[in-house]
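**Q** Provided below are the primary sequence and the corresponding predicted coordinates.
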Amino acid sequence: MRVILSEIPDVLFFEPKVFGDDRGYFFESFRQDLIEKHIGPVSFVQDNESKSCYGVLRGLHFQIPPYTQSKLLRAVQGRVLDVAVDIRQGSPWYGRHVSCVLDGERKNMMWIPKGFAHGFVVLSETAVFAYKCDNYYTPSHDAGIIWNDPVIGIDWQLPEGDVRLSDKDCRQPVFGQMDLFPYEAYGGGKKVLSSEC
């Protein structure tokens, strides 16, 4: 499996080797030893899966301490643009974001650690999206940022008129000064050689 460093070094991309022939394909979608080699010890406790149609945008979401979450994400079917926003106060990348198209054909994955807001939008006709979390969903600690915040400036790679949002995501606040995620407590993962997503 190839491991790729993003522009924000704590966010990683994983490209598995897919073995295919006329019968179908095989690949390792998860290996604890390989994941921990690059991100350190992690214990996943919850798997989530959603199916969405073109233009559905979910995000930008995060959980506040002490119920913060790291996520390992992939598209099982279809294509999604996956986005991570650095909300770690004091980080050199505070307020910046990275994105990657996760593709059910490529089987690529994105690692988003604690201290980031996360969102995705469906670029294909439909998509099945799955991810592992290292903490349980806790509604009382659920938080977010509005998807089109001008300070963050995400290019969602589709016309704004095609975006479909939940009522909750229409009402998220704008990006502001946060002191919930100090960089000293949520910074510094293992580093690998850089490449493009």
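**A** Cool, got the structure.
**Q** what about this protein, any weak spots by pLDDT?
**A** Residue ranges of the chain with pLDDT under 70: 188-197.
**Q** need the helices for the chain, in chain order.
**A** Applying DSSP state H to the chain gives helices spanning 32-39, 167-170, 183-186.
**Q** Dump those to a markdown table, plus distance to Asp103 and mean neighbour count.
**A** Placement of C-beta: from N, CA and C, glycine included. Below are the helices of the chain laid out as a markdown table (distance: least, C-beta to C-beta, whole Å; neighbours: other C-beta atoms under 10 Å):
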| stretch | distance to Asp103 | mean neighbour count |
| --- | --- | --- |
| helix 32-39 | 20 | 14 |
| helix 167-170 | 23 | 12 |
| helix 183-186 | 29 | 16 |
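**Q** Reformat these as a markdown table; add distance to His61.
**A** A markdown table is the format used below for the helices of the chain (distance: least, C-beta to C-beta, whole Å):
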| stretch | distance to His61 |
| --- | --- |
| helix 32-39 | 20 |
| helix 167-170 | 8 |
| helix 183-186 | 16 |
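**Q** closest one to Arg58 among these?
**A** helix 167-170 (6.8 Å; C-beta to C-beta).
**Q** elements contacting the closest one?
**A** Judged by 3 or more C-beta pairs under 8 Å, 6 or more residues apart in numbering; DSSP states H and E, the packing partners of helix 167-170 are strand 57-63.
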